[in-house]
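Asks: Based on what follows, work out the 3D shape:
(2 chains)
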Amino acid sequence: MVHITINGKVVKAREGEMLLAAIRRQGIDIPALCHHEAVEPTGNCRLCMVEITREQWQGWKKYVTSCLYPVEEGLIVSTHTPELIEIRKNLLDLQLARCPNSEVIQQMAEEYGLTKSSYESRPDADNCIMCYACTRICEVLGKNAISAAGRGHDKIITPPFGEPPPDCIGCLACAQICPTDVILWTDDNTVRTIWDKKFDLISCSQCGKTTITRDFADYLIETRNLPREYFDTCDECKRKNLAHKMGDIVTAVEEVTL
Amino acid sequence: MRLDSVESLNRLRNESRQRLDARKKKIFVCLGPGCLAAGSDQILEEFNKLLAQENIKDYSLEAIKKTGCHGLCARGPIVVIEPEGIFYSKVKKNHVSQIIEKTLKNGELIESLLYSENGSKKKITDYRDIPFYANQYRIGLRNVGKIDPDEITDYIASGGYQALARVLTEMKPQNVIDEITQSGLRGRGGAGFPAGRKWATCAKVESDVRYVICNGDEGDPGAFMDRCIMEGDPHSIIEGMIICSYAVGSREGYIYVREEYPLAVINLQKAIDDARSYGLLGENIMGTDHCFDIKISRGGGAFVCGESSALMKSVAGDVGEPRAKYIRSVIRGLHDKPTVLNNVESFATVPVIIDKGAEWFTSVGTEKSTGTKAFSLAGKVINTGLVEVPMGVTLRHIIFDIGGGVPAGRQFKAVQTGGPSGGCLPADKLDLPVDFDTLTEAGSMMGSGGMIVMDDRTCMVEVARYFLEFLVKESCGKCVPCREGLYQLYKLCTKICEGKATEDDLVLMEKLSDTIRKASLCGLGQSGPNPFVSTVRYFRDEYLAHIRDKKCPAGVCRNLTTFTINDKCTGCLACISVCPVDAITGEKKKLHVINQELCTRCGSCYDICKFDAVDIQ
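Replies: Next up is the predicted model:
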């Protein structure tokens, strides 16, 4: 355990954890767009910036992204100074220019009193805020099917060469982690489409409902050591079957006791 | 040949010196970037061809040497004949036979190829008497332009690897670190971090592996100092790196060079191979226990890869994006191991510090910025080229005494130092001493040493716009303030240049700059607004002229400029001949007229007019 001071209050924090976790545990609301517990922090959105100092720094202070800065004994943290609020507001102003149609961004910006960006919006703006959550979760799965490509303002998230990604297994992790719901996918009967790639969906042998893609099932069989039969039925039917089995046992037990 | 002891190195040095001295007369042909672009490789070829046919006393084929950048690029291609130091400038292929006939055979000078100061008819024969060279003090560039970079024996003859021999046999690693610390050497890449402190930290970290990396990713527009050292004196870098590896306990090093410097890659590779075959790299260097080897890592030319953490990612084979540095790369760098990263010029300086001692080094330069610094002078200055001066000399000394000032008829307006993230300093800052701290205080920075001189025909808003555009393209695009912020700053700057901005936009730009500085992840973003911030600080009037009066005082921004011809016009036809769109009409000795509908506002007429007859409105 280490001791840090957050907004004047001395609190305990777990060694090795990042400042953001320690701050949020205190019930302090700090915005963050690129942060997600499932993936490594990268510090792209900069919204979770805080001011840190130490007694021995003699008034010197610096700004760090709390998602990326590990707690240290004696650290003095401020989370809502006027400068920090101004930085967050300006960052959201920039995000609003990038993604004027994103409800998530609109809502966050409104909390800082912004209804319209001070800057010129991108023509044909989409809702991608370039937080890299999708590429990071894909990396966690060991697939790296999509990536950030290009440089500077023109950087985009894309499969290699903008073609259907050969390594994608249609698991939807990227779509689900996306904070602004920009990654689109469709399920049409037994066919799933994401990143312009089509996948066969497995149908439940009992109820006929589709479950996951065959490629994702293969990936799970290989990496999680699951038997192939596991994917024959959907979760709901599995539950039902289990319930039936339990019911049969109860009946049998009752018969025996009677 | 393997050098297995200090004695064998000394023997080789003596032999090499004797061999070089035996050929009393030498012809040096500069193959630096500027001269090469002007065709100096053909001059070298011609010398080789013609001298092979002739039999001149004192001049054998061996007398011809190719060198790296000699310095005075504006007068290239350069041929120097030693020992007299005869300096022939703007040499063409067809001059070669003349040089052989007159100078080599008969000892006559060719007046037309000799140097003369601008506006003066007095010819200067020996380059050491030319103010451009006489005012310099060369440490990092000591051999550049004087030795053949391909010949390891040339480097050894000039005292090369002597410092390494001393380090390996007479000094403990800690002594080396102490020497560098006492010398006060600060990183020549721009940030000016004390090299000794960096080495000391790296040596102290517990680790089985440590790396030494040389940053040769010189990406600032107009900067070519590191290029010239890598091309012209690669062994000085290698020697500096080996000394560093011994000090910090490293066995493995990398030189990160941008792919756009093909000759640097070739020359460095040759130097590494030669050093290895001489036993100066690899196992048991010079017969001692120290082992160290260097690999070249070629970069794809992303500007951001000059940033330490992005560079290390690139060396490791990942996408070159910076990471947050709450743990410094000297503690956890390449492959998460302690890593010393220094710039080309820093490493090239190290052997001299060991040779001559820290005390000597601190006697050059200022108290807090010791030694010398190389600069590449470019832009509107007469003597464009490569210079090295002691820290603490004034900008005026560099630009006017060495650089010769701005070309005739123009006024000095500003000098841009420190690359895209640096800043522009106006004429009243010309007497500032050039050192790390003063330039930063003035709102610019030392940077790696690019120095772009601007005259009164330069629009400072347009300059800011140009550098911002560069940074927008070269931002890695990872964090929001840099990616989105610099883009918006660039858009607003463009708006000013087009005459569409209001004063509110200027306020917005200042607010935005502050956020980008504070919130960006790496140095590129943090210093990204500098082109705007420094120009608006010193040239606010010019911004306001664009915004309030819809005028570009320098006559550069096309939307805001109209060129007209006044009655000073003598009807000389000069402007008519240079107008690229035939927008000017008029007859000889009669007033010329510009057709505003055809005019593209390029300013060629203004630049060529000798009678001040073209007005900018």
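Asks: Quick one: residues contacting B:Val389.
Replies: By Cβ atoms under 8 Å, 6 or more residues apart in numbering or on different chains, the residues touching B:Val389 are B:135-137, B:372-373, B:375, B:397-398, B:402, B:434. No exception for glycine: its C-beta is placed from N, CA and C like everyone else's.
Asks: Could I get the pLDDT score of the residue of the stretch 151-258 of chain A found nearest chain B?
Replies: Using Cβ to the nearest Cβ, the single residue of the stretch 151-258 of chain A nearest to chain B is A:Lys155, 3.2 Å away. A:Lys155 is assigned 91 on the pLDDT scale.
Asks: I figured it hits A:Ala149, correct?
Replies: Yes: between A:Lys155 and A:Ala149 there is a contact at 6.9 Å, judged by Cβ atoms under 8 Å.
Asks: Quick check: closest non-adjacent residue to the residue of the stretch 151-258 of chain A closest to chain B.
Replies: With sequence-adjacent residues excluded and distances taken as Cβ to Cβ, 6 or more residues apart in numbering or on different chains, A:Lys155 is closest to B:Gly477, at 3.2 Å.
Asks: isn't that neighbour right next to A:Ala149, touching?
Replies: No: B:Gly477 lies out of contact with A:Ala149 (Cβ under 8 Å); the separation is 9.5 Å.
Asks: quick one: contacts for the residue lying closest to B:Phe539 once chain neighbours are set aside?
Replies: Excluding its sequence neighbours, the residue lying closest to B:Phe539 (Cβ to Cβ, 6+ apart) is B:Met460, at 4.1 Å. Each residue near B:Met460 by Cβ under 8 Å, 6+ apart is listed here: B:413-414, B:424, B:454, B:535, B:538-539, B:542-543, B:554.
Asks: of those residues, closest to chain A?
Replies: B:Tyr543 (18.5 Å).
Asks: Over to the closest one: give its phi and psi.
Replies: Main-chain torsions, B:Tyr543, degrees, to the nearest 10: phi -60, psi -50.
Asks: Look at it and report its pLDDT.
Replies: Reported pLDDT at B:Tyr543 in the predicted model: 96.
Asks: That one: what's it in contact with?
Replies: For B:Tyr543, the contacting residues are B:460-461, B:496, B:506, B:535-536, by Cβ under 8 Å, 6+ apart.
Asks: Now that we have the contacts of B:Met460, can you turn them into TSV and tack on secondary structure?
Replies: What follows is those, written out as TSV (DSSP: H, G, I helix; E, B strand; the rest coil):
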residue	secondary structure
B:Lys413	strand
B:Ala414	strand
B:Cys424	strand
B:Met454	strand
B:Thr535	helix
B:Tyr538	helix
B:Phe539	coil
B:Glu542	helix
B:Tyr543	helix
B:Ala554	coil
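Asks: Looking at the residues you listed, which is nearest B:Trp199?
Replies: Using Cβ to Cβ, B:Cys424 comes nearest to B:Trp199 of those, at 34.2 Å.
Asks: My guess is the closest one contacts B:Tyr466. True?
Replies: No: between B:Cys424 and B:Tyr466 there is no contact under Cβ under 8 Å: 11.3 Å.
Asks: what's the neighbour count on residue 25?
Replies: Using chain A here. Residues near A:Arg25, counting by other Cβ atoms under 10 Å in any protein chain shown, number 14.
Asks: actually it's chain B I care about, not the one you picked
Replies: That count, for B:Lys25 with other Cβ under 10 Å as the rule, works out to 15.
Asks: just checking, B:Asn118 touches B:Ile382?
Replies: Yes: with contact defined as Cβ under 8 Å, B:Asn118 reaches B:Ile382; the gap is 5.4 Å.
Asks: Please say which of these two ends up with more neighbours.
Replies: Using other Cβ under 10 Å, the more surrounded residue of B:Asn118 and B:Ile382 is B:Ile382, with 21 against 10.
Asks: how about the more buried one, secondary structure?
Replies: The three-state label given to B:Ile382 by three-state DSSP is coil.
Asks: from memory it sits against B:Ala74, does it?
Replies: Yes: with contact defined as Cβ under 8 Å, B:Ile382 reaches B:Ala74; the gap is 6.6 Å.
Asks: Averaged pLDDT, the helix or strand harbouring A:Lys238. What do you get?
Replies: Element membership for A:Lys238 (DSSP states H and E) is helix A:235-257. Averaged over helix A:235-257, pLDDT sits at 90.
Asks: Go through that helix and flag the buried ones.
Replies: Residues A:Cys237 are the ones in helix A:235-257 that count as buried (16 or more other Cβ atoms under 10 Å in any protein chain shown).
Asks: how about the strands in the stretch 51-200 of chain A?
Replies: With DSSP state E, counting those that start in this stretch as the criterion, the stretch 51-200 of chain A has strands at A:62-65, A:76-78, A:147-149, A:156-158, A:185-188, A:191-194, A:197-203.
Asks: if I read this right, B:Lys610 contacts B:Cys569, doesn't it?
Replies: No: the pair B:Lys610 / B:Cys569 is not scored as a contact, 10.8 Å apart, by Cβ under 8 Å.
Asks: More neighbours: which of those two?
Replies: A count of neighbours by other Cβ under 10 Å puts B:Cys569 above the other of B:Lys610 and B:Cys569, at 19 against 9.
Asks: pLDDT value on the spatially closest residue to that one that is not a sequence neighbour, please?
Replies: Distances taken as Cβ to Cβ, 6+ apart place B:Ala613 nearest to B:Cys569, at 4.0 Å, with adjacent residues excluded. With respect to pLDDT, B:Ala613 has a value of 91.
Asks: Next, count neighbours for B:Ala613.
Replies: Neighbours of B:Ala613 using other Cβ under 10 Å come to 21.
Asks: Please name the residues that touch it.
Replies: By Cβ under 8 Å, 6+ apart, the contact list for B:Ala613 reads B:565-570.
Asks: Tell me the spacing between B:Val340 and chain A.
Replies: 24 Å (Cβ to the nearest Cβ, to the nearest Å).
Asks: which ones are touching that residue?
Replies: B:198-199, B:202, B:210-213, B:244, B:248, B:250, B:330.
Asks: Now it: phi and psi?
Replies: Main-chain dihedrals, B:Val340, degrees, to the nearest 10: phi -90, psi 120.
Asks: Look up the residues forming beta bridges with it.
Replies: Beta-bridge partners for B:Val340, by DSSP bridges, are B:Val212.
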